[in-house]
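> just to be clear, the model below is a prediction. Sequence and coordinates:
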Amino acid sequence: MTVYAIIGGTGLTQFDGLTIESELHIDTPYGAPSAPIIRGQFAGRTVLFLARHGHPHRIPPHQVNYRANLWALKHAGAEAIIAVNAVGGIHAEMPAGHFCVPEQIIDYSYGRDHSFFVGELEHVSHIDFSYPYDATLRAKLLAALQAHECSYSDFGVYGCTQGPRLETAAEIVRMQRDGCDIVGMTGMPEAALARELELPYACLALVVNPAAGKASGLITMADIERVLAAGMAQVQAALAQVLTG
Ligand code: HPA
């Protein structure tokens, strides 16, 4: 049975229902991961969990050690990765509380360690990244969202910004023109690093706010936290469904 790893984002620092077997403190050639990897059993299968921002949440998106996280998960035995991300909604049909399982990515982040292929290499490698997310894993997530009667979209382009500040309204207009449907700060380089390690990867994104300029008023953390609290119960249910399926 596939060993799934869940990378929990904002609002998801642990996976309920996991019978914890061990906490793996893995040192990597790239430094320390965000947190120990939790290894446990769920519905008769081994599951790994990693809190992307640390547990408690303390590492901002631009300072997450994505390479250490992915390397550590691979070496802990991960065979596929489900990433959970809180995002802003750009598409008119993606309001707060809505889920998106994106198909595509546009990367606006910069200055992040975004590849394992650095330094003196035996040969230069260019991974294919035409379709960044794994189709089978996406289908499983979509089926789980449907089973739990969540509001969701089966399409979407994830625009990854650098953060930690939120975007300007004009940046969101530009991103929409580019074709972005949701905006987050943690989708990259995580997805590309997973591909470099040949780990199937998909993203379960929860819209926690309308993106900048998409609603009257400002984006407040209080509003985001309210949506997160309700949405994460649905995330837990959807993940449980994928893991039992
Ligand atoms: N922009 C970028 N990242 C985010 C947002 C947003 O509006 N909401 C949650 N993560």
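Noted; the coordinates are in hand.

> around the ligand, pick out the residues from the protein.
86-88, 161, 166-167, 183-185, 208-209, 211 (Cβ under 6 Å from any ligand atom). (C-beta placed from N, C-alpha, C; glycine too.)

> looking at those, which are in strands?
86-88, 183-184, 208-209 (DSSP state E).

> where along the protein do the strands fall?
For the chain, applying DSSP E gives strands covering 4-8, 19-24, 37-42, 45-51, 80-89, 99-100, 104-107, 152-153, 157-160, 182-184, 201-210.

> hey, which of those is tucked in deepest?
Burial of the strands of the chain is given as mean neighbour count (mean count of other Cβ atoms under 10 Å); strand 182-184 ranks first at a mean of 29.

> can you pull the contacts of the residue of the chain found nearest the ligand?
Nearest residue of the chain to the ligand: G88, at 2.3 Å (Cβ to the nearest ligand atom). In this structure, G88 makes contact with 166-167, 172, 182-184, 207-212, 214, 219, judged by Cβ atoms under 8 Å, 6 or more residues apart in numbering.

> ok, and the closest non-adjacent residue to it?
Nearest residue to G88, sequence neighbours excluded (Cβ to Cβ, 6 or more residues apart in numbering): A211, at 3.7 Å.

> quick one, longest helix in the chain?
Ranked by residue count and defined by DSSP state H, the top helix of the chain is helix 221-244.

> using PDB, list the CA coordinates for that one.
Below are the C-alpha coordinates for helix 221-244, written out as PDB (Å, rounded to 0.1, in the frame of the first residue of the first chain):
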ATOM      1  CA  MET A 221      -6.500  37.400  10.100                       C
ATOM      2  CA  ALA A 222      -9.700  37.100  12.100                       C
ATOM      3  CA  ASP A 223     -11.800  36.400   9.000                       C
ATOM      4  CA  ILE A 224      -9.200  33.900   7.700                       C
ATOM      5  CA  GLU A 225      -9.100  32.100  11.000                       C
ATOM      6  CA  ARG A 226     -12.800  31.700  11.100                       C
ATOM      7  CA  VAL A 227     -12.800  30.100   7.700                       C
ATOM      8  CA  LEU A 228      -9.800  27.900   8.600                       C
ATOM      9  CA  ALA A 229     -11.500  26.500  11.700                       C
ATOM     10  CA  ALA A 230     -14.500  25.300   9.700                       C
ATOM     11  CA  GLY A 231     -12.600  24.300   6.600                       C
ATOM     12  CA  MET A 232     -10.000  22.100   8.400                       C
ATOM     13  CA  ALA A 233     -12.700  19.800   9.700                       C
ATOM     14  CA  GLN A 234     -13.600  19.100   6.100                       C
ATOM     15  CA  VAL A 235      -9.900  18.800   5.200                       C
ATOM     16  CA  GLN A 236      -9.500  16.100   7.900                       C
ATOM     17  CA  ALA A 237     -12.600  14.300   6.600                       C
ATOM     18  CA  ALA A 238     -11.400  14.400   3.000                       C
ATOM     19  CA  LEU A 239      -7.900  13.200   3.800                       C
ATOM     20  CA  ALA A 240      -9.400  10.300   5.900                       C
ATOM     21  CA  GLN A 241     -11.400   9.300   2.900                       C
ATOM     22  CA  VAL A 242      -8.400   9.300   0.600                       C
ATOM     23  CA  LEU A 243      -6.400   7.200   3.100                       C
ATOM     24  CA  THR A 244      -9.100   4.600   3.500                       C
END
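
> which other residues reach that helix?
The contact list for helix 221-244, computed with Cβ under 8 Å, 6+ apart, reads 4, 6, 10-12, 15-17, 42-43, 45, 47, 82, 84, 86, 96-97, 99, 140-141, 143-145, 147-148, 150, 204, 206-209.

> mind running it again at 7 Å?
Here helix 221-244 makes contact (Cβ atoms under 7 Å, 6 or more residues apart in numbering) with 4, 6, 10-12, 15-17, 42-43, 45, 47, 82, 84, 86, 96-97, 140-141, 144-145, 147-148, 150, 204, 206, 208-209.
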